[in-house]
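>>> Turn this into a structure:
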Amino acid sequence: MEVTIEILGLLFLVAGLAGFIDAMAGGGGLLTLPALLSVGVPPTQALATNKLQSSFGSFSATWYFVRNGIVDLKEMRLAILCTFIGSAVGAELVQHIDAGVLTSLIPVLLLGISLYFLLAPQAGEGGGKPKMSETLFAFSVGTGVGFYDGFFGPGTGSIFTICFVAIAQLSIVHATAKTKVLNFTSNLAALIFFIIAGLPVWEIGLVMAVGGFLGARMGAKVVVSKGKKFIRPLVVIMSMVMALKLLWEQHPQWFQSLF
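Numbers count the residues shown, from 1 in each chain. You can find the predicted model right below:
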């Protein structure tokens, strides 16, 4: 494929918008992955390049939340470790195991996340009693969702957020901030395996990384300043969009019969 200045400029803008959305609600890959495929990047390399650029975006948001005291990395050490290990295992196993089961289950899970935020009036308020200890949360949610991100990926941010809200009983702002920390962790673990395999297209990935970094920084600022006013409806919208996209890819005949 020929990489022109025009293509790099377009991908920079797409990554910036995706980083902005991803910092608040996840789902930025809905924009970046199709964009990479549309300019001719082969699917496997597109996945790896997308992981490269998204790692910079999730790092940008994480850095902003840490610097502003929204999250304490020391308190999250165990969850970070478990997420890294889970993602690394997932990234290795995806090369040997069919992901078909996950592709069928995830749209249902994403729609469930949307309904939870729509129908549970207190969701995201925070202040409730956690439903499991931090240690158990790290081993179960950190490892499990980390594995999912390394193995498959779509909706990881939304899944982490719902776990922090529903299980850890955090406010939507603190849930979003901690989500980005673990999202960056799982991105980094999977990216290491992709780099070892020589898959990322570095020229494209690094240009998109700059756009994603800047967009995520702006999105993180919105999280801190606007809080649940923007995050909660955006989580609902992005979860529904991701679910519909996956259903379209799995069962296009369902949608064709509607038109």
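>>> Could you list the low-confidence segments of the stretch 51-200 of the chain?
95, 97-103, 120-127 (pLDDT under 70).
>>> quick one, helices of it?
Applying DSSP state H, counting those that start in this stretch to the stretch 51-200 of the chain gives helices spanning 77-93, 100-119, 134-137, 143-151, 156-166, 172-196.
>>> nearest spatial neighbour of Gly26, skipping sequence neighbours?
Nearest residue to Gly26, sequence neighbours excluded (C-beta to C-beta, 6 or more residues apart in numbering): Gly157, at 2.3 Å. (Glycine included, C-beta is placed from N, CA and C.)
>>> so who does that neighbour touch?
Contact analysis of Gly157 by C-beta atoms under 8 Å, 6 or more residues apart in numbering lists 22, 25-27, 179-180, 183.
>>> Give me the buried subset of the residues you listed.
By neighbour count, with 16 or more other C-beta atoms under 10 Å, the contacts of Gly157 hold 22, 25-27, 179-180, 183 as buried.
>>> before we move on, back to that, is it possible to get the helices of the stretch 51-200 of the chain out as TSV so that each row also shows distance to Trp202?
Formatted as TSV, the helices of the stretch 51-200 of the chain follow (distance: least, C-beta to C-beta, whole Å):
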stretch	distance to Trp202
helix 77-93	19
helix 100-119	29
helix 134-137	36
helix 143-151	21
helix 156-166	24
helix 172-196	9
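>>> which of the ones you listed sits most buried?
Most buried of the helices of the stretch 51-200 of the chain by mean neighbour count (mean count of other C-beta atoms under 10 Å) is helix 156-166; its value is a mean of 25.
>>> hmm, back to that, can you add distance to Leu105 and give the buried ones among the contacts of Gly157 back as TSV?
Below are those laid out as TSV (distance: C-beta to C-beta, whole Å):
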residue	distance to Leu105
Asp22	22
Ala25	21
Gly26	17
Gly27	17
Thr179	20
Lys180	24
Asn183	20
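>>> Could you work out the most separated pair of the residues you listed?
Gly27 and Lys180 (13.0 Å; C-beta to C-beta).
>>> Verify the stated contact: His3 with Ile204.
To be clear, residue 3 is Val; His isn't right here. Yes. Contact between Val3 and Ile204 holds when scored by C-beta atoms under 8 Å: they sit 6.4 Å apart.
>>> Show me which of these two is the more surrounded one.
Ile204 (26 against 15; other C-beta atoms under 10 Å).
>>> Please identify which of the contacts of Gly157 is nearest to Arg67.
Closest approach to Arg67 among the contacts of Gly157 (C-beta to C-beta): Lys180, at 12.6 Å.
>>> Show the contacting residues for that closest one.
By C-beta under 8 Å, 6+ apart, the contact set of Lys180 is 23, 58, 61-62, 65, 157, 220.
>>> try 6 Å
Going by C-beta atoms under 6 Å, 6 or more residues apart in numbering, Lys180 touches 58, 61-62.
>>> thinking again about what came up before, which one of the buried ones among the contacts of Gly157 sits closest to Thr49?
Nearest member of the buried ones among the contacts of Gly157 to Thr49, counting by C-beta to C-beta, is Asp22, at 15.7 Å.
>>> didn't that closest one look like it was pressed against Leu31?
No. Assessed by C-beta atoms under 6 Å, Asp22 is found out of contact with Leu31, at 8.9 Å.
>>> anything in contact with each of those two?
Common neighbours of Asp22 and Leu31 (C-beta under 6 Å, 6+ apart) do not exist.
>>> Need the residue closest to the centroid of the chain.
For the chain, the residue nearest the mean C-alpha position is Gly157 (3.8 Å; C-alpha atoms, centre = their mean).
>>> what about it, distance to Ile7?
Counting by C-beta to C-beta, to the nearest Å, the gap between Gly157 and Ile7 amounts to 27 Å.
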